[in-house]
Structures are given as structure tokens and as C-alpha cells.
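Colleague: need a structure here:
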Amino acid sequence: MSVVVAMVATVGAAWGALPAYAAGPTATFVKTSDWGSGWEGKYTITNGGASTINGWSVAFDLPAGTTMGSYWDALLTSSGQRHTFTNRSWNGSLAPGASVSFGFLATGSGSPANCTLNGASCGGGTPPTTAPPTTRPPTTPPTTQPPTNPPTNPPTSGLPRHFLTGYWHNFDNPAVELRLRDVPAEYDLIAVAFAEATGTPGTVTFGVDPGLSASLGGYTNADFTADVRTVKARGKKVILSVGGETGRVAVNDSASATNFSNSVYALIQQYGFDGVDIDLENGLNPTYMAQALRALRNRVGANLIITMAPQTIDMQSPSVSYFKLALDIRDILTVVHTQFYNSGSMLGCDQSFAYGQGTVNFMTALACLQLEAGLRPDQVALGLPAGPGAAGGGIVAPSMVNQALDCLARATNCGSFRPPRTYPGIRGAMTWSINWDVANGNAFARTVRPHLNTLP
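Modeller: Here you go, the predicted model:
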């Protein structure tokens, strides 16, 4: 149906015999990805009329055997196989010429049919009443350029195909304090925790914590900068993490997005960081954070590493801000290290059962949710605590992390949950934290890092 809608204007122009009529508002559909047993769909609503639209509602039927799954950027009500999506509070007003889109996941092979937009045909306009021309239209649909998809290969970063990330504490706590140069060799990517907010919205700053410096017998910014160079000379990457449990960095408008980009860029120049990690546990605005990260990448270039460390709840649906940000920047995103701990029970990609934290099922079913919703396997990693003391819940034996990676990459060592397919490119694992791992005898790094080398 949507292909026909998209063809109307093109074919009509080619015939040259159809009377002109106002386009009006339209809703066009495309499957942005299809994996056989299911697919991701996207509707784009465009106001082709002369007046502003205040509120929209798109309704369509899915055939028997095709069921609706997760959705984002709209509200959904369903009656049998009829599904109606309406605008959210922030995307309902469309000026003439403006567009907005929403998306969803579906299981089955069918496609939407009988689409209406605000009660009228999704094709918009008024159908012509004159007889069609005697010349038949071409039997081959006109060639149109498909939507641009993110690249299938990860952005240039210099990281291994499968790698281990760990957070390094720039503060004192009961874990072992470390100079950056003393981070164990098993870690490929070191996330320095954390940059801090300033009095200017969006602006962040960083310096060696005085308490940490005192515990280490004196550790200056110059010492830290030299250690960054030392670690990078060993082939490792060092990024600056923004946020944390108590972080209050706010990027909620264009000005703060510019401040964020400028201040992170300055810190990259000052200390030699390879990128930035977004670990805002107190909410984020995906629109302006995406703006900030794109501006930063434009300045740094394709080698910029961009990672995210959302809480599990923040990756339950593509409509949630963190998940939306990840999908919006897929073309420049390196990896998402979701925190599969301190979570309780959560739904996995089957959307039918709440899996308990601390299990192989939990890690695989929730990673599967991200993989089936649009992130590439090389953009998904498993984040777990490095043993006792590192988290309040969800601590697992490092061998269980290896089991989950095997299940996702090879469909072996799975629990009762089995993903719908394998993901050989699954990127790896992250732990909170390097310091806690050292305090616990380096069990996480020494167990997980060698196993990453065995993955496809």
C-alpha cells in the first residue's frame, strides 16, 4: 500500500494527463529493516497543505499472523488488527512543509494496509474524477532512492572487533585507588569517571580529584596527562565519561548542546582523550545530546569514540530517551554498554516475560532487545559489575558473562531464553569498575578478556 502511495505523484507526473490537485497531509510507510520473522517500520507524516496541522492520527490494519511490538515517538491504541498511532505532546504540530515520523517493531511477514491519516487516505489530496489516460503506466515501478541507513561497519576507532571496557575511578571509595598507568593490560577501553557539571548549562570540566591525589601520594593533572599518553602508547583507548549516579550535566537546548560540545572538545585537546562516554543516570534530552555529539564529531573526526552506559530501564523501549539517542546517532555511535545490574526484573526482546537480573537469560534477552530494535551487533556490549562491592544487585560470575556472549554470538551456552538469531559481531563487555576488579583479584578482566578472543 505504501509503495502505491509513494508512486502516485511520480506516475501522475510521468503521464502528464492527470489534473493537478492539492497534496494535503500524507503518511508514507517504509520497512527500515526486515529479518524474516519480523521487521522495523517507519511512518513519515508530511504536511503538504497550506495550514498548520495541530495533532495527527495514523491508523492501519496488520494482517492476521502479524503482531505489533515495541513503538516510539507516538502513542498506540489497538483494536484487534487495527492499530492507531497518535502524536505525542511534543510532535503534534506540523507547519506547512514540515514532517515528523514514528516507528515500531512487528513480528510476522505482513505489511500495513488501509492506512488513514486523521480519517482521510494516507495518500492525501483529492483523487481525480476524470477518466485515466489511454496510455498504460509502466509496469515497472519508478526507481526511488531508499532511505539512508547507518553504515554496516563501525566508525573508525582503532578498537578490536571484540573488546573489554572498564571504568577508572577519579575519586576515593572502598575499592583500590589506581594511577591510570597502572590499569591492567586486559582493558582495551578505559572510561575515566567522571567529568563534572559547571554553573553553565551543558559545560563540563575535569581534573584529578584532590582526594584521589592525596590517596596516591600526589597525582596531578600533568601526571594524569602523561599517563594518558603512556596508556595510549600501549595500544589502549581512553575516553572521558560524563555523568554517573550523581552527575547533573544538562543538555536541554541548542545553547547547552554547543557548550557541551565545546567543553568536551577542549578537554580532549587538553588531556588527549579518544572520545566521550554518556552516562547520565538522571535523564537526557536525545535531540540536543545528539546535536552536541554530532557537533563534537564534526570537530574531532571519524576517530572519535562515542559510547553510552544507560541503565537497563533506559533501554526498554526505542521511545525512551536513551534508546532514542542511540538509534538517532547510529551512524557515529561506537557502542552502548548497558548496565545490566541494579535493575530488578525487565522485559527482553520477546516482550512476554520479565527476566530476573543476575542470570544469563537477563543479559541475553535484554541485549537481544537492543539488537532487534535497530542497533548493530558491533554497537552492543554487556555491562556488569566487577564482583562484590561494585553494585547493589545483578552481580554475576565472570564465567556467566562469557556464557551470555556465547549465546549471542554462537547460540551456545544459552539459558532457557534463545535469541531469534546469532550476532557474531557482538562487541564485548564492560565492567564497573577497573578499581573494583583489582580489589577482587582481577577476576573479571582475566576471565572475560581472553574469552573475547574466541568469539567469531
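
Colleague: now the stretch 1-150 of the chain, which segments are flagged as low pLDDT?
Modeller: Residue ranges of the stretch 1-150 of the chain with pLDDT under 70: 1-23, 35, 70-71, 89-90, 125-150.

Colleague: quick one: what helix or strand has the nearest residue to S78 once chain neighbours are set aside in it?
Modeller: Among residues not flanking S78 along the chain, M68 sits closest, at 6.4 Å (Cβ to Cβ, 6 or more residues apart in numbering). To be clear about C-beta, it is placed using only N, CA and C from the backbone, and glycine gets the same treatment. Using DSSP states H and E, M68 sits in strand 67-72.

Colleague: which strands border the helix or strand following that strand, and is each parallel or antiparallel?
Modeller: As assigned by DSSP H and E, the chain's next helix or strand after strand 67-72 is strand 75-79. Applying DSSP bridges, strand 75-79 is found paired with strand 82-86 (antiparallel).

Colleague: buried ones in stretch 439-447, by neighbour count?
Modeller: For stretch 439-447, burial by neighbour count (16 or more other Cβ atoms under 10 Å) applies to 439-440, 442, 444-445, 447.

Colleague: swap that for stretch 308-324, please
Modeller: Under the neighbour-count criterion of 16+ other Cβ under 10 Å, stretch 308-324 has 308-312, 314-324 buried.

Colleague: ok, and what's touching stretch 368-376?
Modeller: With contact meaning Cβ atoms under 8 Å, 6 or more residues apart in numbering, stretch 368-376 is reached by 32-33, 35, 38, 40, 70, 105, 150, 152, 154, 315-316, 318, 323, 326-327, 330, 333, 336, 338, 347-350, 377, 380, 408, 417, 419-420, 423, 425.

Colleague: where exactly do the helices run in the stretch 351-456 of the chain?
Modeller: Secondary structure of the stretch 351-456 of the chain (DSSP state H, counting those that start in this stretch): helices located at 360-372, 398-410, 434-439, 443-452.

Colleague: could you export those helices to TSV, including columns for mean pLDDT and distance to F85?
Modeller: Below are the helices of the stretch 351-456 of the chain laid out as TSV (pLDDT from 0 to 100; distance: least, Cβ to Cβ, whole Å):
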stretch	mean pLDDT	distance to F85
helix 360-372	95	20
helix 398-410	97	31
helix 434-439	97	44
helix 443-452	98	41
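
Colleague: out of those, which comes closest to S109?
Modeller: helix 360-372 (15.5 Å; Cβ to Cβ).

Colleague: tabulate the helices of the stretch 351-456 of the chain (CSV), appending distance to G49.
Modeller: Listed next are the helices of the stretch 351-456 of the chain as CSV, based on distance: least, Cβ to Cβ, whole Å:
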stretch, distance to G49
helix 360-372, 37
helix 398-410, 47
helix 434-439, 57
helix 443-452, 54
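
Colleague: and those helices: which comes nearest A222?
Modeller: With Cβ to Cβ, the closest approach to A222 among those belongs to helix 434-439: 21.7 Å.
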